[in-house]
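**Q** Have a look at this fold, sequence not included:
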Ligand SMILES: CC(=O)N[C@H]1CCN(c2c(Cl)cnc3[nH]c(-c4cn(C)nc4C)nc23)C1
């Protein structure tokens with residue numbers, strides 16, 4: 001039944017539920033098929049008592065509003081949602097290729113062309129998000145999916161924020177390896193955190209491990225705060241790639257390359273498969 005806004009009112013009966021795909025932050029994600037159109041989607045099923053118990057209702061609402069309004073080829077679509085008395089269900093785009101993370105673990109590290117293509121896609125997606133005043137803040141391989149053509153999709157806006165005014169946001173989030181110095185210090189931060197995480201991701205795509213990995217959390221924090229960056233001699237990585245990484249992993253957030261400068265960087269221009277971006 002269509003609501004007054006003309007948007008279709010979905011219900012669980014419109015879908016055949018398939019295999020579990022994995023766990024998102026608030027609930028489980030299942031492969032599903034819309035009965036009439038046979039369109040394949042991912043359904044993220046979230047239990048209301050989970051959300052209420054952790055007081056995450058506003059965060060979930062924000063995640064849904066943000067993702068519903070973001071429409072970009074490299075951002076996983078939120079097509080709609082519905083709820084019953086126990087559950088909230090998000091109807092998400094299904095990424096056939098699964099998590100970038102698994103492909104990275106399987107191959108160890110990516111070629112410079114592959115890594116540059118992912119970085120270019122992600123940079124364009126982030127530029128789009130920033131235009132809409134959205135900071136993702138949780139860019140890590142686990143939240144990046146691939147579609148059937150191998151095109152990158154940012155998923156899971158669980159920690160993203162919509163900057164209402166230009167005020168800065170103060171909340172802890174994300175795994176440690178990807179935290180920017182200003183987040184480690186829980187200082188006010190802004191869009192530039194996503195630029196830092198692009199540097200961390202680029203390093204991990206090329207070397208297979210994040211740049212500030214350490215035995216303990218404390219040591220990881222210390223390495224981040226010192227920007228203790230070193231490039232292993234293996235695998236061989238071009239000086240241009242190292243140059244880009246070094247211009248992103250800069251402590252002073254105002255000195256990091258901007259998203260536009262990343263897209264114009266020689267390494268990205270020479271290596272990204274722009275057809276894939
Ligand atoms: C952070 C997060 O939401 N992680 C995952 C859970 C499944 N989910 C998916 C979402 Cl939200 C969308 N599409 C997906 N495709 C897959 C997937 C495909 N293969 C072959 N293997 C997997 C896994 N997973 C998803 C996102």
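**A** Here it is on my side, so go on. Since the structure is predicted, the reported quantities are computational estimates derived from the model, not experimental observations.

**Q** so where is this protein shaky, pLDDT-wise?
**A** Scanning the chain for pLDDT under 70 picks out the ranges 1-6, 24-26, 136-137, 157-175, 186-189, 276-277.

**Q** Alongside the ligand, which residues does it contribute?
**A** 21-22, 24, 29, 42, 44, 92, 94-95, 98-99, 142-143, 145, 155-156 (C-beta under 6 Å from any ligand atom). C-beta coordinates here come from the backbone N, C-alpha and C atoms, glycine included.

**Q** Just the buried ones among those, please.
**A** 21, 24, 29, 42, 44, 92, 94-95, 99, 142-143, 145, 155-156 (16 or more other C-beta atoms under 10 Å).

**Q** ok, these vs residue 248, which is closest?
**A** Proximity of those to residue 248 was ranked by C-beta to C-beta; the top entry is residue 143 with 18.1 Å.

**Q** Please look at the closest one and residue 153 and confirm they touch.
**A** No - under the criterion of C-beta atoms under 8 Å, residue 143 makes no contact with residue 153, lying 9.5 Å away.

**Q** residues contacting residue 262?
**A** 119, 120, 123, 195, 198, 244, 248, 268 (C-beta atoms under 8 Å, 6 or more residues apart in numbering).

**Q** make it 10 Å
**A** For residue 262, the contact set (C-beta atoms under 10 Å, 6 or more residues apart in numbering) comprises 119-120, 122-124, 126-127, 195, 198-199, 202, 244, 247-248, 256, 268.

**Q** Could you give the secondary structure assignment for it?
**A** helix (DSSP: H, G, I helix; E, B strand; the rest coil).

**Q** Stretch 203-217 spans what distance, first to last residue?
**A** End-to-end span of stretch 203-217 (C-alpha to C-alpha, to the nearest Å): 19 Å.

**Q** Just the buried residues of that stretch, please?
**A** Buried, per 16+ other C-beta under 10 Å, within stretch 203-217: 203, 204, 205, 206, 207, 210, 211, 212, 214.

**Q** got it, and stretch 222-234?
**A** In stretch 222-234, counting by 16+ other C-beta under 10 Å, buried: 223, 224, 227, 229.

**Q** Which ones among the buried residues of stretch 203-217 map onto helices?
**A** 203, 204, 205, 206, 207 (DSSP state H).

**Q** Format those residues as CSV; extra columns: distance to residue 111.
**A** What follows is those, written out as CSV (distance: C-beta to C-beta, whole Å):
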residue, distance to residue 111
203, 15
204, 14
205, 9
206, 9
207, 13
